[in-house]
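next input, structure requested:
(chains A and B)
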2 protein chains.
Amino acid sequence: MHLIADDPSHGILERELVVDGIPVVLWSPASGAPDAPLVLMGHPGGLHKRARGLVARAEHLVAAGGFHAAAIDVQGHGDRPRSDDDQARVAAMFRAREAGEPIAPIVDEYNGSLAERTVPEWRAVLDALQALPEVGTGPVGYSGMTLATAIGLPLIAVEPRIRAAALGGVYAFPSLLDAARRVTIPVRLLLAWDDAELDRESTFALFEALGSTEKSLHANPGGHHEVPWHETEDSVRFFARHLLASRSRR
Amino acid sequence: MHLIADDPSHGILERELVVDGIPVVLWSPASGAPDAPLVLMGHPGGLHKRARGLVARAEHLVAAGGFHAAAIDVQGHGDRPRSDDDQARVAAMFRAREAGEPIAPIVDEYNGSLAERTVPEWRAVLDALQALPEVGTGPVGYSGMTLATAIGLPLIAVEPRIRAAALGGVYAFPSLLDAARRVTIPVRLLLAWDDAELDRESTFALFEALGSTEKSLHANPGGHHEVPWHETEDSVRFFARHLLASRSRR
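Prediction:
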């Protein structure tokens, strides 16, 4: 791991790192936050680790919750080159959409492949981040919609350091339902009620499948990429409840 | 209005009042809370103003939010006698349930009749409570499940002093869908995911019908009367956000 840059501004220390070739942004309280919980932030499909919504949510987690937040670029996104295979998948997806054909099977295959590649990458990044003394080995959260949920479900099904997750916005493909059944940590699942690209039943099926004892589904009006700000505010308390509780701070 | 009793304990001042023959409990911060918002708390069908869950939620609103909370007995519930008509409705409901016949039409008629009678009663109680100098005329919230939602929807459709409501647990009868369409305030609608007595589609239909720009549906595992405590905690922040914002406290 090496440090690319750091930039402390408005109370938030922002660092760019590279872990095994994976570009990472780490946001932390500038005042220092020993043992503050870490929340891993996934970006939606086609976007990157500095997507506007992601950065706003990460900064809010740091500013309002005192957490660390980290994001990576998934392969073929942001600073990472896209392989010919991945490029062919993306092109096929756009062609299908253009032609009015269903894109779901292409998305399923592409997301599944990205998840297979990204789960071990997130685990390696988590190893590296937890080696930083100011992050440490406390409980970890995971947050992200669409592609980040397609990656997040298999990740939280196998990674015991992650203790709570905020997810949503994906089709209930059989592979994701399988992963959901193996999840046991508290999950908050968001549903954009007026999503034109995703049927509500997919989210209901994922919610039903989740093996977690504590799970909440939050539906709000709005389209595919719209998450109301009050959900972001609530997610700080959701993560605080589950990540701070296990160190008996409340 | 006259005061029956008051009992300040563990930081909460609890008063029993009677307004036009309607028994009321008012919980307030014992330390005084000038201009604190007031939340009206409805009880479920068959219960009363001191139902255990209601009291726990009311006390939490006062202790954690610094609010006033008030509950009344609906006609034929708690301290209020049940008319022969109402008794016949309740008996018919139990007979139908016993016989395995649908109780929904009976519940619809009974709840509708209670709503018609209780909406003006809540408005009279609100007049009286707002005349108390320590309550005052600030924004008001409404909270309650099942019968309290069957009463709450028509109430918040006509009562402009109520600015936010937390509801849930009712069938989407046409009269309630009509009321929901006239509602414009922020609403949080709870859904008990494993409710054996109520189909999920009823809650989805009510959520869809609500005329509110801001509305959230929160689903959690559990049966008809189960509301997880984190929803009670969240409701304090929901009411704080909507009732305090309008006086520009945040």
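
so which elements touch the helix or strand containing A:Val90?
Assigned by DSSP states H and E, A:Val90 falls within helix A:84-98. Applying 3 or more C-beta pairs under 8 Å, 6 or more residues apart in numbering or on different chains; DSSP states H and E, one finds that helix A:84-98 contacts helix A:104-130. Heads up, the C-betas are built off the backbone N, CA and C, glycines and all.

now for the helix it packs on, which elements pack on it?
strand A:12-19, strand A:22-29, strand A:38-41, strand A:68-72, helix A:84-98, helix A:147-158.

do you know which of those lies nearest A:Leu190?
A:Leu190 lies closest, by C-beta to C-beta, to one member of the helices and strands packed on helix A:104-130: helix A:147-158, at 9.2 Å.

A:Glu109 versus the residue of chain A most remote from its centre, what's the distance?
In chain A, the residue that sits farthest from the middle, by C-alpha atoms, centre = their mean, is A:Ala99; the gap is 30.4 Å. Using C-beta to C-beta, to the nearest Å, we find A:Ala99 at a distance of 17 Å from A:Glu109.

before we move on, what about A:Gly21?
Taken as C-beta to C-beta, the span from A:Gly21 to A:Glu109 is 24 Å.

who has more neighbours, the two?
A:Glu109 (15 against 8; other C-beta atoms under 10 Å in any protein chain shown).

quick check: that one touching A:Arg89?
Yes: at 7.0 Å, A:Glu109 and A:Arg89 qualify as touching, with contact defined as C-beta atoms under 8 Å.

spell out which residues of chain A are next to chain B.
Residues of chain A found near chain B (C-beta under 8 Å from any C-beta of the partner chain) are A:191, A:193, A:200, A:204, A:207-208, A:213-221, A:228, A:230, A:233-234, A:237, A:241.

which of those residues fall within strands?
Of the residues of chain A next to chain B, the ones assigned to strands by DSSP state E are A:191, A:215-220.

can you pick the most crowded of these?
That'd be A:Ala219 among those, by other C-beta under 10 Å, with 26 neighbours.

show me the contacts for it.
A:190-193, A:200, B:207, B:216-217, B:219 (C-beta atoms under 8 Å, 6 or more residues apart in numbering or on different chains).

per-residue confidence at it?
Model confidence at A:Ala219, given as pLDDT, is 97.

list the beta-bridge partners for it.
A:Leu191, B:Leu217 (DSSP bridges).

from A:Leu17, how far out is it?
With C-beta to C-beta as the criterion, A:Ala219 and A:Leu17 are 36 Å apart.

please apply the same query to A:Met93.
From A:Met93 to A:Leu17 the distance is 31 Å (C-beta to C-beta).

how about A:Ala30?
17 Å.

between those two, point out the one with more neighbours.
Between A:Ala30 and A:Leu17, counting by other C-beta under 10 Å, A:Leu17 is the more crowded of the two (21 against 16).

for the more buried one, name its beta-bridge partners.
The partner residues for A:Leu17, given DSSP bridges, come to A:Leu3, A:Val24.

wait, doesn't it sit right on A:Val24?
Yes: assessed by C-beta under 8 Å, A:Leu17 is found in contact with A:Val24 at 4.4 Å.

who touches both of those two?
A:Ala128.

first to last residue in stretch A:206-224, what's the distance?
Distance across stretch A:206-224, first residue to last, is 17 Å (C-alpha to C-alpha, to the nearest Å).

sketch out the low-pLDDT regions of chain A for me.
A:1-9, A:245-250 (pLDDT under 70).

does A:Ala172 count as helix, strand or coil?
Under the three-state scheme (DSSP: H, G, I helix; E, B strand; the rest coil), A:Ala172 adopts coil.

how many other residues sit next to it?
19.

list the contacts of it.
A:201-203, A:205-206, A:209.

swap in 10 Å and give it another go.
A:180, A:198-199, A:201-209 (C-beta atoms under 10 Å, 6 or more residues apart in numbering or on different chains).

likewise A:Ala92?
A:101, A:103, A:105-106, A:109-110.

name the nearest of these relative to B:Pro174.
Scanning the contacts of A:Ala92 for proximity to B:Pro174, where the rule is C-beta to C-beta, the winner is A:Ile103, at 38.4 Å.

check the gap between the closest one and A:Gly11 for me.
Distance of A:Ile103 to A:Gly11, computed by C-beta to C-beta: 41 Å.

cool, and A:Asp195?
A:Asp195 is 34 Å from A:Gly11, by C-beta to C-beta.

neighbour count winner among those two?
Of the pair A:Asp195 and A:Gly11, A:Asp195 is the one with more neighbours under other C-beta under 10 Å, namely 18 against 11.

quickly find the element holding the more buried one.
Here A:Asp195 is assigned to no helix or strand, by DSSP H and E.

for A:Ala148, see how far away it is.
16 Å.

then A:Gly21?
20 Å.

next: A:Glu214.
Distance from A:Glu214 to A:Ala148, by C-beta to C-beta: 21 Å.

swap in A:Leu47?
9 Å.

shared neighbours of the two, which are they?
With C-beta under 10 Å, 6+ apart as the test, A:Leu47 and A:Ala148 both reach A:54, A:74.

more neighbours: which of these two?
A:Ala148 (30 against 20).

got the phi and psi for the residue nearest to that one when sequence neighbours are not counted?
Of all residues not flanking A:Ala148 in the chain, A:Gly42 sits nearest, at 2.5 Å (C-beta to C-beta, 6 or more residues apart in numbering or on different chains). Main-chain torsions, A:Gly42, degrees, to the nearest 10: phi -90, psi 150.

report the contact partners of A:Gly42.
A:49, A:54, A:71-72, A:74, A:118, A:122, A:142-152, A:155, A:165, A:167.

look at A:Pro174 and say how many residues are nearby.
As a burial measure, A:Pro174 scores 8 neighbours (other C-beta under 10 Å).

just checking, it touches A:Pro105?
No: using C-beta atoms under 10 Å, A:Pro174 makes no contact with A:Pro105, being 11.8 Å away.

quick one: A:Gly144 and B:Gly32, what's the gap?
45 Å.
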